[in-house]
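[1] Need coordinates for the below:
(one chain, ligands or ions: 1)
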Amino acid sequence: MELKDLYRDVILDHNRRPRNFGRLEHADARAEGHNPLCGDRLTLSLRLAGERIEDIRFEGKGCAISTASASLMSEAVKGKDRAEVRRLFERVHALLTQRDAAAGPELGKLAALSGVREFPARVKCASLCWHTLNAALERSAATVTTEAPEEAPLGPAGRMAGEP
Ligand code: ZN
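    The predicted model follows:
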């Protein structure tokens, strides 16, 4: 089986059976994300233990890429702290936007998103959940949209709490 077939199967599987789908009761943080280019909408709810994401759920309606990306992200960030999440987002962002970015082993199943960079219009579908996660970690009530151009993974508004 070719790698790209494997990646496609991972995306299809996570779209058909999204992991961690739903809403957390007693969430410590929530954020909504909207990608007007495609119509993707999602709501993340998090339970935090100090700096660590103890549990995460997402719900919403979107295209296969946005749903699979949120599902993969929810698996990847559970148990990680803010600094680890930030590093992972930087790697995923590079994978989505840089043609020569290699999918290192630290990305795990998130590597399946590498095919998205062949379709620049879909990058925002895949990055929406990560921008929304940043907003949730900041406990911001604001709705995230991806209307702004895709630039650095963490702009001024995406800076995590506790940083200068
Ligand atoms: Zn989409």
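[2] tell me which element the closest residue to residue 64 other than its chain neighbours is part of?
    Using Cβ to Cβ, 6 or more residues apart in numbering and skipping residues adjacent in sequence, the residue nearest residue 64 is residue 15, 4.1 Å away. C-beta coordinates here come from the backbone N, C-alpha and C atoms, glycine included. Secondary structure assigned from DSSP states H and E places residue 15 in helix 3-16.
[3] these two touch, right, the residue nearest to residue 64 and residue 66?
    No: taking contact to mean Cβ atoms under 8 Å, the distance of 9.0 Å between residue 15 and residue 66 leaves them out of contact.
[4] how near is the residue nearest to residue 64 to residue 36?
    Note on residue 15: its distance to residue 36, by Cβ to Cβ, to the nearest Å, is 21 Å.
[5] and the residue nearest to residue 64, what does it touch?
    By Cβ atoms under 8 Å, 6 or more residues apart in numbering, the contact list for residue 15 reads 64-65, 67-68, 71.
[6] now the protein, which segments are flagged as low pLDDT?
    Low-confidence segments of the chain (pLDDT under 70): 1, 139-145, 147-164.
[7] Spatially, what comes nearest to residue 42 if we skip its sequence neighbours?
    Skipping the residues right next to it in sequence, residue 42 comes nearest to residue 60 by Cβ to Cβ, 6+ apart, at 3.3 Å.
[8] list the contacts for that neighbour?
    For residue 60, the contacting residues are 33, 40-43, 70, by Cβ under 8 Å, 6+ apart.
[9] Show me what the nearest residue to residue 24 once chain neighbours are set aside is bridged to.
    Nearest-residue entry for residue 24: residue 45, 4.0 Å, with adjacent residues in sequence omitted and distances by Cβ to Cβ, 6+ apart. Following DSSP bridges, residue 45 is listed with bridge partners residue 30, residue 57.
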